[in-house]
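J.: Quick one, fold the following:
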Amino acid sequence: MSVPTPRPRNVGALMERLHERQTINVNGLAISYRSMGEGMPILFLHGLLGSADSWVLQLLGLSNRYRVISWDAPGYGQSDGVKEPDIDLFIEQLQGFISELGLEAPVLVGHSMGGVLAARLAAAPRQPVSRLVLSCTHPGYGAPIDTPPTQKLQDRMVALKEQGPVAYGRERAGNMVAHPIDPFLLEVAAHVAAGTRPDGLFTATRMLQFADLRPHYQHISIPTKVLFAERDPVVLPALSAELKELTPFASHEILPNVGHAPYLEDADSYERAITTFLNEETDLTEAH
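T.: So this is what the prediction gives:
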């Protein structure tokens, strides 16, 4: 079980089971993260409405076998933001983070926005990653750099300001998952989403608006697993189908009966998909 028994009385009690956040300096900017366990390092990268806390169940459920690390992306948690919505600036921080922690050939698990970053890093020359898991993600939207913010982004920034973080977090979490869902797990998702900083959300959303990974997937040469959620209301089927076509070298798996937060909605199945992949005998020098 990913949620230790007995179940905590509330979300705060669940979060208290985690080790304290830590912060390191990366290229002159603070990056915060959580880390638990020892062994093979698995680095988890969250989505737009996430943080290091998104992976609370994996931090608790996998740290008896692995070293589990979850970062706060630039502009999230206690991490400093980058100056421009440029994916290369995010990747520079991610590479520096891995180097500063002294992680040797970590497994990289990227969800949604985190999957865009994970794939971009894995495709880079001299990338430091051993295996790659892409979760409910997409290739980016590839808009020209002079494209204005989308109306959806503008509306969300207004909603975050007017509703306040708690109400906004509950609304966004409810729109992200597949229903029905365990009310406690929905509260966990809402709690994490409520921590979203406006500056981080704006910059990261714009980064995804401009990012285009379509030319990059062909350069990924490490074992790769792509996870899709059967009832994902965020990454729609057309984007998922395109990602599958762009990653013919990867193994693909559809997680049943979950939405855009499968790591919370069905943590056991999510973790089983990852650990099964890690235990597969694969040539680490050539995934194609």
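J.: Quick one: residues contacting Q22.
T.: Q22 makes contact with S32, Y33, R34, S35, according to C-beta atoms under 8 Å, 6 or more residues apart in numbering. C-beta coordinates here come from the backbone N, C-alpha and C atoms, glycine included.
J.: Which one of these sits in the busiest neighbourhood?
T.: Using other C-beta atoms under 10 Å as the neighbour criterion, R34 leads the contacts of Q22 with 23 neighbours.
J.: how close does it get to A273?
T.: Noted for R34: a distance of 22 Å to A273, by C-beta to C-beta, to the nearest Å.
J.: H19: neighbour count?
T.: There are 11 residues near H19, going by other C-beta under 10 Å.
J.: Walking through the stretch 1-150 of the chain, point out its helices one by one.
T.: Ranges of helices in the stretch 1-150 of the chain, per DSSP state H, counting those that start in this stretch, are 11-15, 56-62, 87-100, 113-122.
J.: I'd like these laid out as CSV, including distance to I181.
T.: As requested, the helices of the stretch 1-150 of the chain are exported to CSV (distance: least, C-beta to C-beta, whole Å):
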stretch, distance to I181
helix 11-15, 14
helix 56-62, 14
helix 87-100, 30
helix 113-122, 21
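J.: Just give the closest residue to R21, not the sequence neighbours.
T.: Once flanking residues are discounted, R21 sits nearest to S32: 5.1 Å by C-beta to C-beta, 6 or more residues apart in numbering.
J.: quick check, nearest of the contacts of Q22 to F202?
T.: S32 (19.0 Å; C-beta to C-beta).
J.: Does A250 touch T224 like I think?
T.: Yes. If you go by C-beta atoms under 8 Å, A250 and T224 touch, sitting 3.9 Å apart.
J.: These two - which one has more neighbours?
T.: T224 (25 against 20).
J.: Please name the residues that touch the more buried one.
T.: T224 sits next to A122, R131, L132, V133, L134, T247, F249, A250, S251, A287 when contact means C-beta under 8 Å, 6+ apart.
J.: mind listing which of those residues are in strands?
T.: In this view, those that belong to strands under DSSP state E are R131, L132, V133, L134, S251.
J.: Leaving out sequence neighbours, find the closest residue to the last one.
T.: The one in question is S251. Nearest non-adjacent residue to S251 (C-beta to C-beta, 6+ apart): K225, at 5.2 Å.
J.: Then the one you found would be within a strand, right?
T.: Yes. Secondary structure assignment places K225 in a strand (DSSP: H, G, I helix; E, B strand; the rest coil).
J.: so it makes contact with L134?
T.: Yes. When contacts are counted by C-beta under 8 Å, K225 is listed as touching L134 (7.3 Å).
J.: Between the two, which contacts overlap?
T.: Contacts common to K225 and L134, judged by C-beta under 8 Å, 6+ apart, are A250.
J.: more crowded one of the two?
T.: Taking neighbours as other C-beta under 10 Å, K225 and L134 compare with L134 leading, 28 against 23.
J.: Tell me who's in contact with the more buried one.
T.: L134 neighbours (C-beta under 8 Å, 6+ apart): G110, G115, A118, A119, T224, K225, V226, L227, L243, T247, A250.
J.: could you redo the last one with a cut-off of 6 Å?
T.: Residues near L134 by C-beta atoms under 6 Å, 6 or more residues apart in numbering: G110, G115, A119, V226.
J.: Skipping adjacent residues, who's closest to the residue nearest to the spatial centre of the chain in space?
T.: The residue lying closest to the centre of the chain (C-alpha atoms, centre = their mean) is H46, at 2.4 Å. Leaving aside its chain neighbours, H46 sits nearest to S54 (4.2 Å; criterion: C-beta to C-beta, 6+ apart).
J.: Please report the distance of that neighbour from T150.
T.: S54 is 23 Å from T150, by C-beta to C-beta.
J.: what do you get for H252?
T.: 29 Å.
J.: What of S99?
T.: For S99 relative to T150 (C-beta to C-beta), the value is 34 Å.
J.: For the chain, which strand extends over the most residues?
T.: strand 29-36.
J.: and that strand, which strands flank it?
T.: strand 22-26 (antiparallel), strand 67-71 (antiparallel) (DSSP bridges).
J.: quick check, distance from that strand to the centre of its chain.
T.: Relative to its chain's centre, strand 29-36 lies at 14 Å (C-alpha atoms, centre = their mean, to the nearest Å).
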